[in-house]
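Colleague: Quick one, fold the following:
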Amino acid sequence: MANDPNIQNTPVSIDFGGVGSGNSPLMSLLTADDIVPGADPSYNLCKVIFAYHPLGGKMTQSPVKMAQAQPRQIAVQEAPDAVVKAFETEWSKLGCDDHICNTTTISRMYGIGSIAMGCVGTPSNVPLDMTKIWQAQLYFNVLDPLNTSGSLVLSQVSTAPDFNKPVTLTSSGETFHASRYRVMMNEDPIFLQFTTSAFGYVGRSVFQRALYPLKAYIRLMIANDMIATKLGLLVAKTRPPGPIINRVMQVIASVKRALLKQAQTGQVLTVDPDEDITTLNMQNVDGAGTYARNNVIKDIATAADMPAILLENETLATGFADGTEDAKTVVRYIEGLRMKMQPLYAWFDNIVMYRAWNPAFYARIQRQHKEYMNVSYEDAFSRWRENFTASWPSLLIEPRSETIQVEDVKLQAICAVTQTLIPLMDPLNQANVITWLMDNVNENENLFKHNLELDIQMLAQFAEEQQQQKEQQAQMGAQGGGEGSEEGGQQGPAQAMARKAAKFDSAKLDNSLMKLRTMRLADIEQSKQKGQVPQFANSRS
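Modeller: Model (predicted):
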């Protein structure tokens with residue numbers, strides 16, 4: 001087969017999509033002479049930076065993922081645990097976190113981004129019946145400025161109600177109802193400031209102010225590649241050949257170069273005293289390269305209004321838990337980004353509530369919890385919706401020891417409030433305070449492993465019985481107060497009876513003693529008359 005004359009040994013060419021030809025999108029960014037300080041990035045250029053530039057994703061998507069790294073803490077007061085679980089299950093089923101992340105990323109990339117809710121079988125310009133949305137087939141589409149071009153230009157009439165506000169959303173000829181889409185802009189629009197990348201008078205891309213330093217960063221990448229290419233170069237300073245160079249001398253020189261190239265650790269290479277082997281001196285490269293890279297990254301971070309440490313991809317020196325200034329700066333930036341994403345979360349919260357807490361789900365709740373048997377679905381849904389809270393956990397994660405100390409202080413405060421309120425309240429409110437205490441104790445997982453469970457109804461009944469007994473004792477004390485002694489003041493019936501019995505016993509004892517004394521005196525008189533001395537004559541009467 002190898003000697004077959006019909007087979008021609010032709011070189012095989014492989015298409016790498018522009019790699020090595022100098023026509024890659026990132027190289028076109030570097031060779032674009034019209035990119036100068038203050039230049040506007042186009043729609044296509046923003047897409048190229050996000051897709052190919054090493055810092056494109058870190059400036060747009062990485063902060064959003066960092067903000068969503070911790071899930072929100074969902075709570076519905078005075079509701080069964082199944083209510084929160086159903087909400088979280090439906091939230092994950094719809095992929096709400098991913099939709100919010102993509103919408104925010106698009107808005108940071110181009111300056112504006114939109115998300116639209118579609119429903120199979122229902123036109124996009126018709127509002128959906130939220131009470132029946134749990135049976136509908138929903139889908140969500142994230143739209144970039146090219147998808148919505150022409151509809152999100154924004155009015156520049158300063159006296160109009162829709163001045164610099166999005167009022168309609170149209171994509172591929174379909175107009176969406178206002179309740180079925182949300183628009184998110186990166187920064188607020190400026191009057192008569194047209195954003196090229198977003199095709200309208202809207203917000204701005206994070207790449208707009210940082211476009212020129214982003215171009216300089218590519219030059220640093222090329223410089224790093226050149227340094228890495230020359231880093232292993234060996235310079236051999238050999239003795240020059242004599243005036244007569246024959247073939248033998250050339251062979252010897254080539255053998256030396258081959259040995260030098262193949263030599264490695266553990267081997268010995270012999271050279272003449274006049275010869276020397278060194279590497280390229282790159283001592284000045286480190287200082288200049290590091291200086292240029294740090295300044296370029298700082299320029300990009302300043303232009304994008306974000307901490308430079310997020311672009312450097314370096315771990316914090318002491319971490320979030322120690323509360324250093326770098327960590328606090330990052331936390332403030334991420335918390336601000338969470339606030340900007342809050343309208344999207346509120347929109348999805350409403351949709352998920354109607355889908356998760358549907359009539360079929362409420363029927364199961366009524367079967368499992370008897371207290372909801374006489375409560376209508378509308379009343380229960382309204383109550384759950386009003387008591388719904390979603391909060392972000394703190395990015396500054398405290399060590400476990402400090403967390404336990406904080407929880408201990410909270411527990412002491414809860415106990416103090418309970419001890420103060422219980423004596424001042426009626427039995428029903430006492431049961432409510434105990435319920436509040438139990439709920440707070442059960443949330444303290446760092447101090448208590450198992451939950452505290454109390455029968456609140458039995459507790460309220462017991463408190464009522466105790467209250468009735470106290471009232472009866474007070475009434476009996478008021479009725480028997482006039483029969484008390486001068487020293488004791490008012491006394492109850494039981495105390496009066498005991499005092500009467502004590503008086504009766506004392507009088508009886510005095511009578512007995514008087515009879516005994518009389519009998520003794522009579523015996524003494526009889527003994528004297530007979531001349532006998534009784535045995536108890538010497539005793540004291």
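Colleague: contacts and neighbour counts: CA atoms only from here.
Modeller: Fine.
Colleague: Can you get me a residue count around the closest residue to residue 233 other than its chain neighbours?
Modeller: Nearest non-adjacent residue to residue 233, counting by CA to CA, 6 or more residues apart in numbering: residue 279, 6.1 Å away. Here the number of neighbours of residue 279 (other CA atoms under 10 Å) works out to 12.
Colleague: Enumerate the beta-bridge partners assigned to residue 279.
Modeller: Residue 279 has the following beta-bridge partners by DSSP bridges: residue 234.
Colleague: That one reaches residue 237, doesn't it?
Modeller: No - the criterion here is CA atoms under 8 Å, and residue 279 misses it with residue 237 at 10.7 Å.
Colleague: Need phi/psi at the closest residue to residue 218 other than its chain neighbours.
Modeller: Computed as CA to CA, 6+ apart, the closest residue to residue 218 that is not its neighbour in sequence is residue 30, at 6.8 Å. Main-chain dihedrals, residue 30, degrees, to the nearest 10: phi -70, psi -40.
Colleague: got it, and residue 156?
Modeller: Torsion angles at residue 156 (phi, psi; degrees, to the nearest 10) stand at phi -110, psi 20.
Colleague: Show me the beta-bridge partners of the closest residue to it other than its chain neighbours.
Modeller: Sequence neighbours aside, residue 163 is the residue nearest to residue 156 in space, at 5.7 Å (criterion: CA to CA, 6+ apart). Under DSSP bridges, the beta-bridge partners of residue 163 are residue 155.
Colleague: Now do residue 163: how many residues are near it, please.
Modeller: Around residue 163 there are 14 residues (other CA under 10 Å).
Colleague: now do residue 385
Modeller: Neighbours around residue 385, by other CA under 10 Å: 17.
Colleague: any idea how far it lies from residue 121?
Modeller: Note on residue 385: its distance to residue 121, by CA to CA, to the nearest Å, is 28 Å.
Colleague: How about residue 35?
Modeller: Distance of residue 35 to residue 121, computed by CA to CA: 48 Å.
Colleague: ok, now residue 99?
Modeller: Taking CA to CA, one finds residue 99 at 22 Å from residue 121.
Colleague: Compare those two (neighbour count), which wins?
Modeller: residue 99 (17 against 9).
Colleague: That one sits in which helix or strand?
Modeller: Residue 99 is part of helix 96-110 when elements are defined by DSSP states H and E.
Colleague: How far off centre is that helix?
Modeller: Computed by CA atoms, centre = their mean, to the nearest Å, the chain-centroid distance of helix 96-110 equals 18 Å.
Colleague: Repeat that for stretch 437-450.
Modeller: Stretch 437-450 has its C-alpha centroid displaced from the chain centroid by 21 Å (CA atoms, centre = their mean).
Colleague: tell me which residues in it are buried?
Modeller: Using 16 or more other CA atoms under 10 Å as the test for burial, stretch 437-450 gives 437, 441-442, 444.
Colleague: Just after the one helix or strand residue 435 maps to, pick out the following helix or strand.
Modeller: Assessed by DSSP H and E, residue 435 sits inside helix 427-443. Next helix or strand after helix 427-443 toward the C-terminus (DSSP H and E): helix 456-479.
Colleague: pLDDT on that next one, on average?
Modeller: Averaging pLDDT along helix 456-479 gives 75.
Colleague: then it to PDB, C-alphas only?
Modeller: What follows is helix 456-479, C-alpha atoms only, in PDB (Å, rounded to 0.1, in the frame of the first residue of the first chain):
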ATOM      1  CA  ILE A 456     -50.100  24.700  72.300                       C
ATOM      2  CA  GLN A 457     -53.800  23.900  72.800                       C
ATOM      3  CA  MET A 458     -53.100  22.000  76.000                       C
ATOM      4  CA  LEU A 459     -50.800  24.700  77.200                       C
ATOM      5  CA  ALA A 460     -53.500  27.400  76.700                       C
ATOM      6  CA  GLN A 461     -56.100  25.200  78.500                       C
ATOM      7  CA  PHE A 462     -53.700  24.700  81.400                       C
ATOM      8  CA  ALA A 463     -53.100  28.400  81.600                       C
ATOM      9  CA  GLU A 464     -56.800  29.100  81.700                       C
ATOM     10  CA  GLU A 465     -57.300  26.600  84.500                       C
ATOM     11  CA  GLN A 466     -54.500  28.200  86.500                       C
ATOM     12  CA  GLN A 467     -56.000  31.600  86.000                       C
ATOM     13  CA  GLN A 468     -59.400  30.400  87.200                       C
ATOM     14  CA  GLN A 469     -57.900  28.900  90.300                       C
ATOM     15  CA  LYS A 470     -56.100  32.100  91.200                       C
ATOM     16  CA  GLU A 471     -59.400  34.100  90.700                       C
ATOM     17  CA  GLN A 472     -61.300  31.600  93.000                       C
ATOM     18  CA  GLN A 473     -58.700  31.900  95.700                       C
ATOM     19  CA  ALA A 474     -58.800  35.700  95.500                       C
ATOM     20  CA  GLN A 475     -62.600  35.700  95.900                       C
ATOM     21  CA  MET A 476     -62.500  33.300  98.900                       C
ATOM     22  CA  GLY A 477     -59.800  35.500 100.600                       C
ATOM     23  CA  ALA A 478     -62.000  38.600 100.100                       C
ATOM     24  CA  GLN A 479     -65.000  36.900 101.700                       C
END
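Colleague: Just name whatever secondary elements it is in contact with.
Modeller: Counting contacts by 3 or more CA pairs under 8 Å, 6 or more residues apart in numbering; DSSP states H and E, helix 456-479 is packed against helix 427-443, helix 493-530.
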